[in-house]
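[1] predicted model and sequence follow; I will ask about them next.
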Amino acid sequence: MAIASINPATGEVLKRWDPLSPAQLESKLALAEATFWHYRLAPIPQRAVALQKVAAILLAEKATFGQMITVEMGKTLKSAIAEVEKSAWVCRYYAEQAGEFLADHEISSDASRSFVRYQPLGVILAVMPWNFPFWQVFRCAAPALMAGNTVLLKHASNVPQSALAIEEIFDRAGWPAGSFQTLLLGSERVSDLVADPRLKGAALTGSEAAGSSLAAQAGKHLKKTVLELGGSDPFIVLESADLPQAIATAVTARMISNGQSCIAAKRFIVQESVAEAFEQGLVAAFQALKVGDPLDPETDIGPLATPAMLQEISEQVKEAVAAGATVLVGGSPYSDRPGYFYPPTIVSGIPAQAPIATQEVFGPVALLFRVPDLAAAIQLANGTPFGLGASAWTTQPNEQEQLINEIAAGSVFINGMVKSDPRLPFGGIKRSGYGRELSREGILEFVNIKTIWVR
Ligand code: NAP
């Protein structure tokens with residue numbers, strides 16, 4: 001895949017880059033390894049100061065970085081700036097919390113003293129997606145670096161400007177050369193990289209295919225991995241729900257990043273008794289969304305990131321209709337616009353055997369389902385290969401408890417949308433991946449949990 005920055009709102013090629021030569025890659029790997037051996041000894045407060053500087057740069061220049069993200073992958077400028085602010089938040093969070101998370105943990109045993117000490121593993125590879133080109137990188141890199149690892153970023157090939165800007169931010173914040181480096185590489189070169197003995201672990205956020213391929217190679221070479229993959233998150237609305245609030249949140253939850261988020265609500269599962277009202281409210285809200293130039297502050301929905309995403313979602317909706325589903329709003333790409341725009345779309349009456357019922361839909365398309373009761377809602381919610389997040393709306397404590405216990409997902413949000421937050425663990429089960437990012441759990445993924453026994 002070519003490494004190029006292309007404005008998805010216009011199709012204009014902004015710039016192309018040559019991938020790293022084998023010699024350039026080798027020197028970056030050697031530097032990452034060499035830096036690790038002295039950087040791992042830097043005290044945590046020193047690393048924290050450097051990470052706070054990263055946060056300060058992000059906040060001071062959020063408008064510039066936001067503009068770059070929008071022009072490179074199409075999310076609205078306001079959401080791109082919010083992403084930069086959130087990236088600063090995760091840096092500040094780990095700068096403040098890492099000391100506590102990584103402090104020796106005393107455990108009584110038959111020793112005079114026994115405890116756990118947390119030590120870094122070495123060079124960690126971060127393979128990242130384009131849909132949150134800053135946030136995904138910082139949420140992976142901030143804990144890995146605070147733990148004393150060094151990080152190599154292989155970003156998605158369509159966001160090289162973001163990838164290079166992030167490397168520059170670490171340099172400007174005074175991080176030692178080699179602690180964070182960007183590798184401009186196509187995905188076909190990841191496998192060899194994973195096999196390199198200097199690489200000690202890898203995190204991948206992206207598709208199931210990419211995750212499976214990286215994990216297979218990592219498994220062969222016995223390397224630790226964390227995978228954050230796709231999702232088809234349910235958004236369950238039961239009879240007692242606050243309907244206006246559920247509808248307003250449903251729109252935000254579906255449209256985040258122009259609908260291209262792993263934790264976007266994708267399947268709206270509504271109890272029959274309130275389904276008509278929910279459907280009418282959702283249709284009206286989707287019709288009111290303004291699609292257009294993502295740099296315009298009035299715009300709600302920008303373009304999809306690539307022509308491939310546009311083609312995929314167009315085909316998924318077409319296939320659903322062919323299988324018997326009904327389009328309530330939207331449903332086909334614009335013929336009169338440049339760029340990769342797809343309209344806000346609602347599909348209902350989806351037959352259980354239609355592929356779209358269980359696939360991930362990565363764009364502004366909501367799938368509507370009606371169910372008679374809670375048991376049917378849970379069964380449908382759990383009926384995909386994914387298990388990332390779930391949002392459920394009910395004021396009944398017994399229903400809340402049943403949802404919490406029975407939804408097969410990495411997170412359940414009651415009366416709110418699924419979101420990531422530096423303080424809360426984030427990750428999935430089933431084909432949504434394994435391992436956790438964020439919180440204490442996230443920083444413990446790429447450390448040696450070393451048991452110490454002393455008499
Ligand atoms: P993708 O094709 O898997 O790309 C993601 C990253 O993986 C890119 O850097 C890509 O590089 C690389 N890659 C692709 N194939 C690879 C392979 N065989 N081996 C190693 N690396 C490979 O993903 P996408 O379709 O662009 O992104 C959307 C997907 O990411 C969705 O499924 C979404 O749900 C998921 N996602 C998950 C989370 C989460 O936290 N769970 C968050 C965001 C997105 P190239 O660009 O060079 O191909």
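    Yes, it's here. Numbers count the residues shown, from 1 in each chain.

[2] hang on, Thr299 packs against Met255?
    No - Thr299 lies out of contact with Met255 (CB atoms under 8 Å); the separation is 11.3 Å. Every residue, glycine included, has its C-beta placed from N, CA and C.

[3] neighbour count: those two, which is higher?
    When Thr299 and Met255 are compared on other CB atoms under 10 Å, the one with more neighbours turns out to be Met255, at 24 against 19.

[4] does the more buried one touch Pro343 like I think?
    No - under the criterion of CB under 8 Å, Met255 is not in contact with Pro343, lying 11.6 Å apart.

[5] overlap of the contact sets of these two?
    Each of Pro364 lies in contact with both Met255 and Pro343 under the rule CB atoms under 8 Å, 6 or more residues apart in numbering.

[6] return the backbone torsion pair for the residue of the stretch 101-250 of the chain found nearest the ligand.
    For the stretch 101-250 of the chain, the residue closest to the ligand is Gly206, as judged by CB to the nearest ligand atom, at 2.6 Å. Listed backbone geometry of Gly206 is phi 170, psi -150, with angles given as degrees, to the nearest 10.

[7] ok, which residues in the protein are in contact with the ligand?
    1, 127-131, 154-157, 186-187, 190, 204-207, 210, 213-214, 228-231, 262, 360, 362, 388, 428, 433 (CB under 6 Å from any ligand atom).

[8] which among those residues end up buried?
    Buried subset of the residues of the chain next to the ligand (neighbour count, 16 or more other CB atoms under 10 Å): 127-131, 154-157, 187, 190, 204-206, 210, 213-214, 228-231, 262, 360, 362, 388, 428, 433.

[9] so Val317 is in which element?
    helix 307-322 (DSSP states H and E).

[10] pLDDT averaged over that helix, what's the number?
    When the per-residue pLDDT values of helix 307-322 are averaged, the result is 97.

[11] where in this structure is pLDDT low?
    By pLDDT under 70, the low-scoring segments of the chain are 1.

[12] isn't Phe235 right up against Ile263?
    No - between Phe235 and Ile263 there is no contact under CB under 8 Å: 10.8 Å.

[13] show me what contacts Met68?
    Applying CB under 8 Å, 6+ apart, we find Met68 in contact with Gln161, Ser162, Ala165.

[14] hmm, 6 Å instead?
    Residues counted as contacts of Met68 (CB atoms under 6 Å, 6 or more residues apart in numbering) are Gln161.

[15] look at it and give its secondary structure.
    Here Met68 is recorded as helix under DSSP: H, G, I helix; E, B strand; the rest coil.

[16] show me where the chain has helices.
    In the chain, the segments counted as helices under DSSP state H are 22-39, 44-60, 62-73, 77-101, 135-146, 160-172, 190-195, 208-220, 243-255, 272-287, 307-322, 374-381, 397-406, 439-443.

[17] most tightly surrounded among those helices?
    Of all these, helix 135-146 has the most neighbours on average by mean count of other CB atoms under 10 Å, namely a mean of 27.

[18] other SSEs contacting it?
    Applying 3 or more CB pairs under 6 Å, 6 or more residues apart in numbering; DSSP states H and E, we find helix 135-146 packed against helix 77-101.

[19] 8 Å instead, please
    Judged by 3 or more CB pairs under 8 Å, 6 or more residues apart in numbering; DSSP states H and E, helix 135-146 is in contact with helix 44-60, helix 77-101, strand 123-127, strand 150-154, helix 160-172, strand 199-205, helix 439-443.
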